[in-house]
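Asker: Predicted coordinates and the sequence they were generated for:
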Amino acid sequence: MSSFDRLISDESEKFEDLRWYVAQTRARQEVLARMNLEAQNFEVFLPQILKTTRHARQLRTKKVAVFPGYLFIRLDPKLHRWRSVNGTIGVSRLLTANERPAPAPNGVVESLMGYVDEQGYCQLNRDLVVGQKVNVVQGPFVRLMGEVLSMDDKGRTRVLLEIMGGKVVTLLERTSLEVAA
């Protein structure tokens with residue numbers, strides 16, 4: 001093995017433990033924490049959605065975190081100074097197990113990244129549209145078919161289910177539905 005091959009092999013081994021980890025932020029300081037972590041050259045993912053709220057008879061749309069109080073940080077605990085994350089302004093702590101950073105399950109962050117649109121917002125309802133036929137895959141109505149009537153930004157979906165020859169409107173979690181084939 002040439003010295004160049006060893007160097008390439010050593011470099012690839014260095015980043016084999018590069019994974020996504022979860023950092024808990026201080027209350028409503030996700031954006032501040034992201035900026036400070038990025039200033040330290042960490043790769044950070046803060047999934048956000050647009051949320052419309054009504055206050056004093058006015059509708060306001062603002063960016064909010066999909067997981068309030070949390071963000072994802074990509075690092076290799078063997079190479080990066082991961083303890084510095086805990087001292088970052090806006091960060092409360094890096095989630096750990098046995099005094100080591102606990103990685104997020106494989107594929108979760110990558111899946112969330114796939115839901116981000118051109119404006120940088122997560123479109124959690126991208127697979128479902130109003131009027132679409134869906135199958136219920138979990139809960140008390142499993143294996144029933146219905147039609148999507150409406151969706152809200154909290155993950156709830158109003159579905160018109162066909163039960164025993166009749167139609168019933170029910171509110172279900174978006175995660176319990178899949179597009180009918």
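Answerer: Here it is on my side, so go on.
Asker: Distance of residue 181 relative to residue 147?
Answerer: To residue 147, residue 181 is 15 Å away according to CB to CB, to the nearest Å. For the C-beta atoms, the positions are set from N, CA and C on the backbone; glycine is no exception.
Asker: Looking at those two, which one has more neighbours?
Answerer: Between residue 181 and residue 147, counting by other CB atoms under 10 Å, residue 147 is the more crowded of the two (17 against 5).
Asker: Can you tell me the SS state at that one?
Answerer: strand (DSSP: H, G, I helix; E, B strand; the rest coil).
Asker: Would you mind confirming that it is in contact with residue 160?
Answerer: Yes: applying CB atoms under 8 Å, one finds residue 147 in contact with residue 160, separated by 4.7 Å.
Asker: How confident was the prediction at the closest residue to residue 139 other than its chain neighbours?
Answerer: Excluding its sequence neighbours, the residue lying closest to residue 139 (CB to CB, 6 or more residues apart in numbering) is residue 176, at 5.0 Å. Looking at residue 176, its pLDDT stands at 79.
Asker: next one: the one 5 residues further on
Answerer: Looking at residue 181, its pLDDT stands at 72.
Asker: where's it relative to residue 132, distance?
Answerer: According to CB to CB, residue 181 and residue 132 sit 12 Å apart.
Asker: what's the answer for residue 20, then?
Answerer: From residue 20 to residue 132 the distance is 31 Å (CB to CB).
Asker: higher neighbour count, these two?
Answerer: residue 20 (21 against 14).
Asker: show me the contacts for that one.
Answerer: 45, 72-74, 103-104, 108-109 (CB atoms under 8 Å, 6 or more residues apart in numbering).
Asker: Next: residue 176.
Answerer: 136-139.
Asker: Residue 36: which of those is nearest?
Answerer: residue 138 (38.8 Å; CB to CB).
Asker: nearest residue to that closest one other than its sequence neighbours?
Answerer: residue 176 (4.5 Å).
Asker: ok, the one you found to residue 105 distance?
Answerer: 19 Å.
Asker: how much space is there between residue 44 and residue 69?
Answerer: 15 Å.
Asker: for residue 176, same thing?
Answerer: Following CB to CB, the distance that separates residue 176 from residue 69 is 25 Å.
Asker: just residue 46 next, same as before
Answerer: 11 Å.
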